Structures are given as C-alpha cells and as structure tokens.
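Enquirer: need coordinates for the following:
(4 chains)
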Number of protein chains: 2
Amino acid sequence: MYRIGELAKQCEVKADTLRFYEKHGLLAPSSRSDSGYRLYNEHDAERLRFILRAKAVGFTLAEITELLSIELDKSNWACADVKGMVDGKLEHVNQKIAELKHFQVSLERLSDACCGGPESAEHCSILEALESNTDSIKCENHGHHHDSSQYTKNCQSKG
Amino acid sequence: MYRIGELAKQCEVKADTLRFYEKHGLLAPSSRSDSGYRLYNEHDAERLRFILRAKAVGFTLAEITELLSIELDKSNWACADVKGMVDGKLEHVNQKIAELKHFQVSLERLSDACCGGPESAEHCSILEALESNTDSIKCENHGHHHDSSQYTKNCQSKG
DNA sequence: ATAAACCTTGGAGTTAAATCTAAGGTCAAG
DNA sequence: CTTGACCTTAGATTTAACTCCAAGGTTTAT
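Expert: Model (predicted):
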C-alpha cells in the first residue's frame, strides 16, 4: 500500500494530480487509513500507469475515462457495445501509429542525411522532409549512393 | 490561394485557431490581399497539416514550434545541432510508437476475445487486457485453442 | 514532546490552447 | 446600393489539466 506521496513520486507526478484524477473519477485509492490518508495498492498503481501512458500518446482525460469505463459497468453492457467501443478506439490508435510512423520516417531520413558535423546546416532541408511526406529529401549533391550510406550526406563546409 | 475560412474548413479547424497559430509564430499566411485578407498557399496548408498531425499524436504547440524552428534559422545552426535535435525528437516519437503498440495489442486482443454478441460483457476482462500488459487476457473458459481463432471467445449468455 | 515531513479539504490561481465578442471593413449577388 | 457572408483587430472568456495555498490533522525521529 502506497500513500499518495509515494505513488506520486514513483510515477513522477504531483500528489495534487492524483487528487485531481480522483475528483474527476479516473483513479480512486482502493482504501483509506484510519486517519483518512489515501492508500493505493498495486492495482491502483497499474491503473495510474495506464492513464499516464494513454495521456502520453495524446488521449484526453475524457477519452481515457471512456476507455476505463468499459470496465466499470461492464456487466451492464452487451458484448456488442464493448466490441464496438474497443474497435473505435483501436481505429483511433491505429491512426495515431500511422501518423507517428510518418514522423519517424521523416526524422530518420533527416537524421541520416545530416552529417552531424560542425558545418552550417543550411543544406539540410528539414521542413521538406518533415512537412511534405515526399519520398526523398531535397539534397544538394543528389543522384548517387555509395555502400557506406543509403542517404546522401548533404552538409557543406562554409567557406 | 485560400482565404482563412477556406483553409480552416479544409483542415477542420476554426479560423480563430489559424489566427491564434499566427500570433504564436506557428503559421503565417504567405501573403495578404489588398484589403488585408490573409492568403494561404499550398505550402502554408502543408505546414498546417504538419502542425495538426503533430498535435494529434500528443506534441504540444511549444514542441511543434521547436520542430519547425529547425528550418527557420537553419543557416545559423551547425549540422551537429540539427542532428542532435532531430535525434532527440526521434527518440520521443519512437517511444510514443512503442506505447501505442502496447495499446494496439491490448485492444486487438480484447476485440478478438469478445464475441460481439448481445450477451452481457461481464466476462470480457477489459482492464486486465488494457492495464497490465500481460500476455493473455483473463478468460472464463480458457485452456484450449481451435483453428478458427487464436483467442478464446469468452462472452457467456446470461441465464 | 516537539519539530519536520507527511497528510486532509476546499477553493483559488495558472498555463495552454483555443474560442468568443464587439465594432467595423470588403465583396459578390440581386 | 444594400444584404449577407465573408474578413479585420483587440481583447475578454472558456476549457482542460493541473498546481498552489491556507488551515489544520497525523506520523516519525530525536
């Protein structure tokens, strides 16, 4: 059993945040001490970690509440309801993954194309890679690859 | 060239939001009409779509500004700076992807385990699947698989 | 037995990100 | 030549999600 400060520290949030989550129905401690201190068990901690993970990938607290509500009143739901809801969220998640992979490809391409040296980055065409999801980044000395790299290093010494 | 309302509609945001982004340095129209109307070109629209995609996967406007700033003053940066920054963001993105895949697996498992029928969902152990990233969901009639499904359907008729 | 470090509640304040309001200018259609 | 749907700015208000504060109770270490 953790007291509020312990759980907060463990999960790198403020105790206030846990009280806030409780007030808004996301996470209540499973018990209280005689003196009224909140006591969280491992299951509560797991639930908090779920909330924080969901938040980190862009779900709002309202959406997280909805996700968690699937459990709360599950005996009042039909399987079809649950499945519909889960599939909806799944679609949402899949879309986020697709979007992130876009970013990932762009950033990797950019990182690979940049020599990383002390030269001016003038020739690293960053936004071309980030913004438009074109197949290749703009490249000053383009047109040929060698074994050492799939991408052309395009930083130039300023002289 | 789009006027503010056109671009807003196209990207499903309010015109106010575009003015807000302009005020905060994220997106300025590339020109103005004689009468002072904002005029956005395709490049501006692309930039907006980038901002919205980044927002959807949980980046704050401050982080997006930072991402976009790589381009703005790129001639003042060394390649090493740019690469460092990009690699930092890349790590961030990779972590988000990993987290989302966790969700994806959990939700898929849950969806597959739920028969989707009109029965009570009492036996769909949702939070078990969502919260703890265990290898298998809790299952009422567990222990054997058949060809038709990798997962055991565990909804039960109430009666 | 008392100080330091916890905890309680209720309510106010903050920050990010819009969203709205007011007072007025622009433009195409009838 | 006016009506209605756009646009302008400046500034106020809202919403989500915390974050802090005040006044007091509890625990633990010396």
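
Enquirer: just checking, A:L27 is part of a strand?
Expert: No - counting by DSSP: H, G, I helix; E, B strand; the rest coil, A:L27 falls outside a strand, being coil.

Enquirer: quick one: contacts for the residue lying closest to it once chain neighbours are set aside?
Expert: Counting by Cβ to Cβ, 6 or more residues apart in numbering or on different chains, A:L27 lies nearest to A:Y21, which is 4.4 Å off, once chain neighbours are set aside. Backbone N, C-alpha and C define where each C-beta goes, glycine included. Contacts for A:Y21 (Cβ atoms under 8 Å, 6 or more residues apart in numbering or on different chains) come out as A:27, A:48, A:51, A:61.

Enquirer: who's in contact with the residue of chain A found nearest chain B?
Expert: When scored by Cβ to the nearest Cβ, chain A has A:G58 as its residue closest to chain B, at 3.2 Å. If you count contacts by Cβ under 8 Å, 6+ apart, A:G58 has them with A:96, B:56-58.

Enquirer: among those, which are in helices?
Expert: Among those, the residues falling in helices (DSSP state H) are A:96, B:56.

Enquirer: of the contacts of A:G58, buried ones?
Expert: When the contacts of A:G58 are checked for burial by 16 or more other Cβ atoms under 10 Å in any protein chain shown, the buried set is A:96, B:57-58.

Enquirer: and those as TSV, adding distance to A:Y40 and pLDDT?
Expert: Formatted as TSV, the buried ones among the contacts of A:G58 follow (distance: Cβ to Cβ, whole Å; pLDDT from 0 to 100):
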residue	distance to A:Y40	pLDDT
A:K96	29	89
B:V57	30	83
B:G58	26	85
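
Enquirer: where's the residue lying closest to A:E63 once chain neighbours are set aside, which helix or strand?
Expert: In space, and not counting its chain neighbours, A:E63 is closest to A:A54: 7.5 Å by Cβ to Cβ, 6+ apart. Element membership of A:A54, judged by DSSP states H and E, is helix A:42-56.

Enquirer: what are the buried residues along that helix?
Expert: Buried, per 16+ other Cβ under 10 Å, within helix A:42-56: A:44-45, A:47-48, A:50-54.

Enquirer: buried residues, the next helix or strand after that helix. List them.
Expert: As assigned by DSSP H and E, the chain's next helix or strand after helix A:42-56 is helix A:61-72. Under the neighbour-count criterion of 16+ other Cβ under 10 Å, helix A:61-72 has A:64-65, A:67-68, A:70-71 buried.

Enquirer: what's the burial count for the residue in chain A that DNA strand C sits nearest to?
Expert: Closest to DNA strand C within chain A is A:G5: 2.6 Å, counting by Cβ to the nearest atom of the strand. Other residues near A:G5 come to 13 when the count uses other Cβ atoms under 10 Å in any protein chain shown.

Enquirer: now do the domain split for chain A, please.
Expert: A:1-58, A:77-159 (automatic domain parsing).

Enquirer: kindly report the residues of chain A close to DNA strand C.
Expert: Those residues of chain A that sit near DNA strand C, judged by Cβ under 7 Å from any atom of the strand, are A:3-6, A:15-16, A:19, A:36-38.

Enquirer: just the buried residues out of those, in ChimeraX syntax.
Expert: Those of these that count as buried under 16+ other Cβ under 10 Å are selected in ChimeraX with:
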select /A:4,38
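
Enquirer: now for chain A, the helix or strand with the poorest mean pLDDT.
Expert: helix A:126-130 (a mean of 53; mean pLDDT, DSSP states H and E).

Enquirer: ok, back up a step: for B:A56, see how far away the residue of chain A closest to chain B is.
Expert: 6 Å (Cβ to Cβ, to the nearest Å).

Enquirer: who touches both of these two?
Expert: What both A:G58 and B:A56 touch, as defined by Cβ under 8 Å, 6+ apart, is the set A:K96.

Enquirer: what separation is there between A:E42 and A:K14?
Expert: In terms of Cβ to Cβ, A:E42 sits 21 Å off from A:K14.

Enquirer: ditto for A:A8
Expert: 6 Å.

Enquirer: higher neighbour count, the two?
Expert: A:A8 (19 against 12).

Enquirer: what's near enough to touch that one?
Expert: A:14-15, A:17-18.

Enquirer: who's in contact with A:L26?
Expert: Neighbours of A:L26 in contact, by Cβ under 8 Å, 6+ apart: A:51, A:61, A:64-65, A:68.

Enquirer: count of residues packed around A:H92?
Expert: 18.

Enquirer: ok so, going back, which strands or helices does the helix holding A:A54 pack on?
Expert: helix A:4-10, helix A:15-23, helix A:61-72, helix B:79-113 (3 or more Cβ pairs under 8 Å, 6 or more residues apart in numbering or on different chains; DSSP states H and E).

Enquirer: need the ones you listed in CSV (columns: distance to A:A113).
Expert: Shown next, in CSV, are these (distance: least, Cβ to Cβ, whole Å):
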stretch, distance to A:A113
helix A:4-10, 41
helix A:15-23, 40
helix A:61-72, 36
helix B:79-113, 9
